[in-house]
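Undergrad: Could you look at this predicted model? Sequence included:
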Amino acid sequence: MVSVPVHCPYCHSSEIIKAGKQANGTQRYQCQNGRCARRIFLLQYRDRGRVPEVRRQVVDMALNGSGVRDTARVLRISPTTVIAIVKKSRRAPTRQSHVAAYSSFTRCPRPARTRRRGG
Ligand SMILES: [Zn+2]
């Protein structure tokens, strides 16, 4: 018997338990680290839009001014997936610096409206 050590791709903890299977039969794993931002993960995603590295690239491209369709073509994922990832990255309470940079970028306050009282 050969045991393969599984590490969490988010916090690199080795306290991992199996957590059932996906509908397609892929094994799911659960991170037991209480401070980890992510609990359930797969070792191999079939869907490109779920791969952590691709999701990171979507946020990076959004920060660098790439459009939704532009990002979707380059990363070979659907435009609706790009929109969903960008929306989620704004509110995700992760400790990753690029996400924090993105949320501070989008939260900049609007300039106060100045009303002119013309006579
Ligand atoms: Zn973890």
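TA: Arrived safely, thanks for sending.

Undergrad: Which positions in this protein make contact with the ion?
TA: Cys8, Tyr10, Cys11, Ser13, Cys31, Asn33, Cys36 (CB under 5 Å from the ion). C-beta coordinates here come from the backbone N, C-alpha and C atoms, glycine included.

Undergrad: mind checking the backbone torsions on the closest residue to the third one other than its chain neighbours?
TA: Meaning Cys11. Spatially, and ignoring its direct neighbours in sequence, Cys11 is nearest to Cys36 (4.2 Å; CB to CB, 6 or more residues apart in numbering). Backbone torsions of Cys36, given as degrees, to the nearest 10, read phi -70, psi 140.

Undergrad: tell me the contacts of Cys36?
TA: Residues in contact with Cys36 (CB atoms under 8 Å, 6 or more residues apart in numbering) are Cys8, Tyr10, Cys11, Ser13.

Undergrad: follow-up on the earlier one: inside helices: which ones of the residues of the chain next to the ion?
TA: Residues of those located in helices (DSSP state H): none.

Undergrad: Separate out the buried members of those residues.
TA: When the residues of the chain next to the ion are checked for burial by 16 or more other CB atoms under 10 Å, the buried set is Cys8, Tyr10, Cys31, Asn33, Cys36.

Undergrad: Distance check, the last one against Glu15.
TA: This means Cys36. To Glu15, Cys36 is 9 Å away according to CB to CB, to the nearest Å.

Undergrad: Please apply the same query to the first one.
TA: As defined by CB to CB, Cys8 lies at a distance of 8 Å from Glu15.

Undergrad: Now for those two: what residues contact both?
TA: Listed as contacting both Cys8 and Glu15 by CB under 8 Å, 6+ apart are Cys31, Asn33.
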